[in-house]
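> Sequence first, predicted model second:
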Amino acid sequence: MPFPLLYEINTRCWLRALAEESGASITLANVPASEFAAWQQLGVTHVWLMGVWTTGPRARAEALKHPGLRAAYDKVLPGWTEKDVAGSPYAIADYQVPPVLGGEAGLEEFRHKLRQHGLKLVLDFVPNHLGLDHPWVRDRADLFVQSPTEVPGAFLVKTSGGRRWLAHGKDPYFPSWTDTVQLDYRRADTRAAMTQLLQSVAGRCDGVRCDMAMLLLNEVFARTWERFPVAGQQSRAGNHQVFLPEFWSGAIAVVKKAQPSFLFLAEAYWGLEPRLQALGFDFTYDKALYDELASHRPAEAQRHLLEMTAESVAASAHFLENHDEPRIASALSPEEHRAAALCILGLPGLRLLHDGQLDGARLQVPVQLARRAAEPKQAGIRQLYEQLLTILPGTAVGRGKGEVLKPRLAWADNPTAQDFVIVQWQVQAPEFDLVVVNLASYRGQCYAPLTVPNLMAHNWSMKDLLGPERYERFGEDLQNQGLYLDLPAHGAQLFHFQPIS
């Protein structure tokens with residue numbers, strides 16, 4: 001099965017922009033057919049509607065009063081008003097689509113149109129916490145992390161069982177998210193409730209992107225919340241924790257039993273990606289590769305990929321931006337951008353593109369906003385993506401077997417081999433394709449040790465599908481010496497090999 005090409009959309013901003021362009025009300029129920037056709041033409045396989053669930057008034061109030069967020073709104077949307085602030089889509093009040101976005105019927109119609117174009121739907125699942133406005137805060141307070149007394153990171157709330165100090169959701173390395181309430185995964189009833197909620201979401205889509213998935217790992221959760229007792233499990237002997245299996249293995253298995261092809265994508269960091277892959281996630285974020293590419297560290301990018309197992313590379317989600325990261329066009333020059341784009345699109349694994357990325361957008365829009373400023377489109381950026389996304393489907397890239405190769409030095413005292421990312425792809429022998437990227441800001445040379453079977457049985461024609469270069473090479477030389485490569489700064493080539501004798 002081909003590796004997915006996932007296209008992320010900020011649903012609220014996107015629908016607002018469509019409505020402004022058309023001069024009519026646009027919801028998920030009546031998205032123009034041209035949008036679906038454009039995704040299909042680009043080779044997209046999955047569309048991620050980021051931020052489709054209901055956010056409540058208390059969470060929105062937090063988004064309006066936060067000084068850091070207000071400064072961000074000023075920067076990216078001058079002249080914004082309170083109507084432009086919808087609240088964080090990750091402070092969910094209800095896993096239902098609000099009427100302003102088209103409601104549940106609109107989501108169903110949108111998914112139907114995706115299917116007509118051969119596309120699949122991915123939605124958000126936020127397992128770590130719920131929004132301040134979720135009814136469980138009032139009616140099922142035992143499901144949340146809490147304290148018997150006032151402590152930092154907790155807030156006082158009136159529940160059906162009386163007043164309680166509930167904890168805000170958090171990442172252990174950052175301040176609490178004050179628009180959220182932290183679910184307690186040390187409790188079996190919390191896990192059961194969230195598994196049921198996950199099943200409800202899964203019934204309306206073809207995959208989920210799981211927010212901050214590593215926070216639920218038993219070890220991480222216990223360390224983050226060790227100072228908070230488990231509600232209803234205190235005694236003179238102290239806090240008794242029930243040791244439970246990992247949440248993800250059971251929850252994923254339940255969904256996959258009903259929907260075997262359902263896609264699980266984890267937002268994950270801290271080197272815990274292999275753990276989540278082992279628990280059943282199809283793909284996990286490759287944030288480390290993004291960091292190296294965005295920070296102009298070619299040797300580190302290559303080292304990262306070569307230190308991963310082939311299985312882990314293929315189970316990674318490769319990206320240059322998403323809603324949590326700065327726009328890549330603000331960090332890389334067009335030449336750097338082209339090389340990095342081929343790098344992430346040419347690797348085994350899920351490939352993630354972000355709405356606006358293909359046009360060179362530079363403004364990172366806070367997820368709390370429901371409107372974004374119009375930006376001029378960069379024709380050169382659009383052209384490079386259209387070239388890549390038009391040519392790649394006709395190659396073995398993203399299909400069949402992909403292998404990251406370790407380049408060899410072209411000659412002693414020439415370290416530029418460390419700046420290359422080379423990926424070999426083959427679907428049906430003997431032909432194969434080779435993705436070659438020089439990520440450095442200077443010319444580089446190396447040998448690529450090709451591993452395709454029966455390399456010596458043929459001499460080979462190799463053509464750059466992204467440029468005019470064409471060569472012929474002896475199979476014996478390729479087998480014994482490897483393929484010699486000499487690329488300019490930020491060179492990006494895609495060679496197709498076919499036998500000529």
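Now that the structure is in, tell me what you want to look at.

> In this structure, where is pLDDT below threshold?
Applying pLDDT under 70 to the chain flags residues 1, 232-242.

> So which residues of the stretch 51-200 of the chain form strands?
Taking DSSP state E, counting those that start in this stretch as the test, the strands found in the stretch 51-200 of the chain are 54-55, 92-94, 120-125, 129-131, 146-147, 154-159, 162-167, 180-182.

> Over to the stretch 251-400 of the chain?
263-266, 283-285, 316-319, 350-354.

> Quick one: closest of those strands to Pro415.
strand 316-319 (25.1 Å; Cβ to Cβ). No exception for glycine: its C-beta is placed from N, CA and C like everyone else's.

> what sits up against that closest one?
6, 265, 273, 283-286, 289-290, 308, 325, 343-345, 347, 349-354 (Cβ atoms under 8 Å, 6 or more residues apart in numbering).

> quick one: strands adjacent to that strand?
strand 283-285 (parallel), strand 350-354 (parallel) (DSSP bridges).

> can I get those in JSON lines with distance to Val181 and mean neighbour count?
Converted to JSON lines, those look like this (distance: least, Cβ to Cβ, whole Å; neighbours: other Cβ atoms under 10 Å):
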{"stretch": "strand 283-285", "distance to Val181": "25", "mean neighbour count": "26"}
{"stretch": "strand 350-354", "distance to Val181": "29", "mean neighbour count": "25"}
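
> Export these as CSV, with columns for distance to Thr27.
Shown next, in CSV, are the strands paired with strand 316-319 (distance: least, Cβ to Cβ, whole Å):
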stretch, distance to Thr27
strand 283-285, 29
strand 350-354, 22
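
> of all these, which lies closest to Leu77?
strand 350-354 (17.9 Å).

> export the closest one as CSV, just CAs?
Extracted as CSV, the C-alpha positions of strand 350-354 are listed here (Å, rounded to 0.1, in the frame of the first residue of the first chain):
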residue,chain,number,x,y,z
LEU,A,350,3.7,9.4,6.0
ARG,A,351,4.2,12.7,4.3
LEU,A,352,2.5,15.7,5.9
LEU,A,353,1.7,18.9,4.0
HIS,A,354,0.1,22.0,5.7
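
> Residues contacting it, please?
Counting by Cβ under 8 Å, 6+ apart, 3-8, 44, 265, 282-283, 316-323, 344-345, 385, 398 sit against strand 350-354.

> Can you give me every residue that contacts Gly118?
Gln40.

> Would you list the phi and psi of it?
Main-chain torsions, Gly118, degrees, to the nearest 10: phi 70, psi 20.

> Return the distance of it relative to Pro2.
12 Å (Cβ to Cβ, to the nearest Å).

> cool, and Glu336?
Taken as Cβ to Cβ, the span from Glu336 to Pro2 is 27 Å.

> In terms of neighbours, single out the busier of the two.
Glu336 (21 against 12; other Cβ atoms under 10 Å).

> Can you verify my assumption that that one contacts Ala440?
No: contact criterion Cβ atoms under 8 Å: Glu336 and Ala440 do not qualify, at 9.9 Å.

> which residues are common contacts for these two?
His490.

> Now do the strands in the stretch 401-501 of the chain.
Counting by DSSP E, counting those that start in this stretch, the strands of the stretch 401-501 of the chain are 401-405, 408-409, 420-426, 432-438, 444-448, 460-464, 470-473, 483-487, 492-499.

> Which strands or helices does the last one pack on?
For strand 492-499, the contact count by 3 or more Cβ pairs under 8 Å, 6 or more residues apart in numbering; DSSP states H and E identifies helix 334-345, strand 432-438, strand 460-464 as packing neighbours.

> what does it rub up against?
Looking at what lies outside strand 492-499 - Cβ under 8 Å, 6+ apart - the contacts are 338-339, 341-343, 346, 391-392, 395, 397, 430-438, 452, 457-467, 469, 487.

> partners of that strand in the sheet?
Using DSSP bridges, strand 492-499 pairs in its sheet with strand 432-438 (antiparallel), strand 460-464 (antiparallel).

> Output those strands as CSV; include the columns distance to Pro152.
Shown next, in CSV, are the strands paired with strand 492-499 (distance: least, Cβ to Cβ, whole Å):
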stretch, distance to Pro152
strand 432-438, 47
strand 460-464, 58
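
> wait, which of the strands paired with strand 316-319 is closest to Leu332?
Between the strands paired with strand 316-319, strand 350-354 lies closest to Leu332; by Cβ to Cβ that is 14.1 Å.

> Next, the angle from that closest one to helix 334-345.
140 degrees (axes from the mean of the first three to the mean of the last three Cα atoms, to 10 degrees).

> which of the strands paired with strand 492-499 is buried the deepest?
Highest mean neighbour count of the strands paired with strand 492-499: strand 432-438, a mean of 26 (counted as mean count of other Cβ atoms under 10 Å).

> Stretch 65-84: end-to-end distance?
14 Å (Cα to Cα, to the nearest Å).

> in that stretch, what counts as buried?
66, 69-70, 72-73, 76-77, 84 (16 or more other Cβ atoms under 10 Å).
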